[in-house]
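Novice: Got a predicted model here, sequence first, then my questions.
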Amino acid sequence: MKLNFCSLSSGSSGNCYYLGNEFHGILIDAGISETSIRKFLRSIDISMQSIMGVLITHNHIDHIRGLEVLTRKNTLPAFTTHNIWESILSLKNKISSNSIREIPIQEKFQVAGFDIEAFPVCHDAPETIGFHICAGEKKITIVTDLGHICRTAAPYIKAANLLVIESNYDEQMLVNGKYPHFLKARIQSDHGHLGNHQTSAFLADIISDNLSNICLAHVSKNNNTPEIVLQTLQQTLSERGIILNGQQRISILNRNMPTNMIRLIE
Ligand SMILES: [Zn+2]
Ligand SMILES: [Zn+2]
């Protein structure tokens, strides 16, 4: 069985990620329009018909913008927790009840043959989850919005072969930038987003030969650049004397277009 991962879009203007094999796939979040999802999937040779469902992390608009149209036009089931459904529906989203699937927390469920587990993360939405997905012998963890890495989330992140984790802002750029004080405080808080140094330090702690792909996600447009994200991680790893094993790949996910397909199993 093949296994491919592709980020269609990552960041505050919209998040959507694809994971699939040669038969079918799933999406994680629908933060861009249905038209863009369809267009981006086509650009990587994936048909919408092969998508079996969409997993939703939380109710922020950059994760659910396209959800209503995506589920309606494609009669697609969407999977998230009871609390997150309540928070999505309270925003006057009209999701057909046929598409609503409630999932448990920290208990396995299946979509498209993948074993999936949702786990809680700390973020400033009514509830936010990350996903740990097992596909054959590969494990994928996706955590795009979190203020810090709590004890519950850490083991799911450590177990990943492919990890999508946010590296949202450069600490210096945020402090010196134009955002109002309250917004800077929110972003930096334990329920906001992860800064480059936070993410890099955590990765330096957990990196092992098991972790073959690190995808740095949700990079801020105003308080970060892809170059600084990469530089910070490389510097942190070198300060700790960590040398990548030659098989490990680091990708900085694009904000508004698909990033190269990662072929986990060829
Ligand atoms: Zn977000
Ligand atoms: Zn968010």
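Specialist: Received, thanks. Ligands and ions are numbered 1, 2, ... in the order given.
Novice: ok, which residues in the stretch 1-150 of the chain are in contact with ligand 2?
Specialist: Proximity of the stretch 1-150 of the chain to ligand 2, by CB under 5 Å from the ion, involves residues H60, D145. Bear in mind the C-beta positions are built from the backbone N, C-alpha and C, glycine included.
Novice: What ranges does the stretch 1-150 of the chain have for its helices?
Specialist: Assigned by DSSP state H, counting those that start in this stretch, the stretch 1-150 of the chain shows helices spanning 34-43, 61-64, 67-74, 82-89.
Novice: Distance from the chain centre to the longest helix along the chain, please.
Specialist: Using DSSP state H, we find that the single longest helix of the chain is helix 226-239. The gap between where helix 226-239 is centred and where its chain is centred comes out at 20 Å by CA atoms, centre = their mean, to the nearest Å.
Novice: Out of the helices of the stretch 1-150 of the chain, which is the most enclosed?
Specialist: helix 61-64 (a mean of 22; mean count of other CB atoms under 10 Å).
Novice: packing partners for that helix?
Specialist: If you count contacts as 3 or more CB pairs under 8 Å, 6 or more residues apart in numbering; DSSP states H and E, helix 61-64 packs onto no helix or strand.
Novice: Does that helix reach ligand 1?
Specialist: Yes. Counting by CB under 5 Å from the ion, ligand 1 is contacted by helix 61-64 at D62.
Novice: what is the mean pLDDT for that helix?
Specialist: For helix 61-64, mean pLDDT is 98.
Novice: contact partners of it?
Specialist: The set of residues that contact helix 61-64 without belonging to it, under CB atoms under 8 Å, 6 or more residues apart in numbering, is 11-15, 29-31, 56-57, 88, 91, 93, 144-145.
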